[in-house]
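Undergrad: Quick check, what structure comes out for this input:
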Amino acid sequence: MTNRIESLIYIIREERVMLDQDLAALYQVETKALVQAVQRNAKRFPPDFMFQLSFQEFTALRSQIVTSKGRGGRRTAPYAFTEHGVAMLSSVLRSERAVEINIQVIRAFVKLRQLVVSNSELANRLNHLEQRYDSQFKVVFDAIRQLMSETTHVPAKRRIGF
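TA: Now for the predicted structure:
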C-alpha cells in the first residue's frame, strides 16, 4: 500500500502533495464529499496545508495523468494537500478508514523525506572525499555522481507547474 501511496505523491510548487481525487479514492469517499468537508473546515487548512491548482498546473496535470477532458470529467482544478494537510484531514473525516489511511500516507511522506536527506548526506560525503583525494579518483567520483543523479531524476519527472 505504501508504494501505491508514494506513486500518488506529486511535486507541485516545490511541495510534495497529494491530490483531492487520489485521497478521496483512498478514503473511499467521493471527491465532492472530501472537498465539501474541507471547505466546511477552511480554517484548518491554511495555504501551506492545502492549495488549489492554477489553470496551467491543472492543464499540465491532465497531460501527465489520463483524465477526462470532455463530459463527465472534472471541471474544477483539484486541491493539493501537503503532508500537514493530509494529517489535518483525519480530524475532518472522522472515520476509521480515514485514520488508517492517514497513518499510511504520513509514513509515505516521511519515507520520501528520508530518501532525500540520505541522498544529500551522500553528496556531502562525496564532496568531502573528493577534496581529500587527488584527481586520479575524479573518474570514480564523477561516475558516482552520475548514478546519484539518475536516481534523483525520477521524482523530477512528476513536477507540475512553475
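Undergrad: buried residues in stretch 37-57?
TA: For stretch 37-57, burial by neighbour count (16 or more other C-beta atoms under 10 Å) applies to 37-38, 45, 49-51, 53, 57. Bear in mind the C-beta positions are built from the backbone N, C-alpha and C, glycine included.
Undergrad: Helices along the protein, start to end?
TA: 2-6, 20-27, 31-40, 55-64, 83-92, 96-132, 138-156 (DSSP state H).
Undergrad: And the third one, how far out from the chain middle?
TA: To tie it back to what came earlier, the one meant is helix 31-40. What separates the centre of helix 31-40 from the centre of its chain is 20 Å, taken as C-alpha atoms, centre = their mean, to the nearest Å.
Undergrad: if we look at it, which residues are touching it?
TA: With contact meaning C-beta atoms under 8 Å, 6 or more residues apart in numbering, helix 31-40 is reached by 20-21, 23-24, 27, 45, 50, 74, 78-79, 89, 92-93.
Undergrad: same thing but at 7 Å, please
TA: If you take C-beta atoms under 7 Å, 6 or more residues apart in numbering as the criterion, helix 31-40 is touched by 20-21, 23-24, 27, 45, 50, 79, 92-93.
Undergrad: The shortest one now?
TA: Under the contact criterion C-beta under 7 Å, 6+ apart, helix 2-6 has outside partners 104-105, 107-108, 111-112.
Undergrad: One more pass at 8 Å, please.
TA: Under C-beta under 8 Å, 6+ apart, the answer for helix 2-6 is 18, 26, 104-105, 107-108, 111-112.
Undergrad: As TSV, the contacts of helix 31-40 with pLDDT and distance to residue 13 would be great.
TA: Formatted as TSV, the contacts of helix 31-40 follow (pLDDT from 0 to 100; distance: C-beta to C-beta, whole Å):
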residue	pLDDT	distance to residue 13
20	94	15
21	92	18
23	92	18
24	92	21
27	89	24
45	94	15
50	95	12
79	95	13
92	86	22
93	83	24
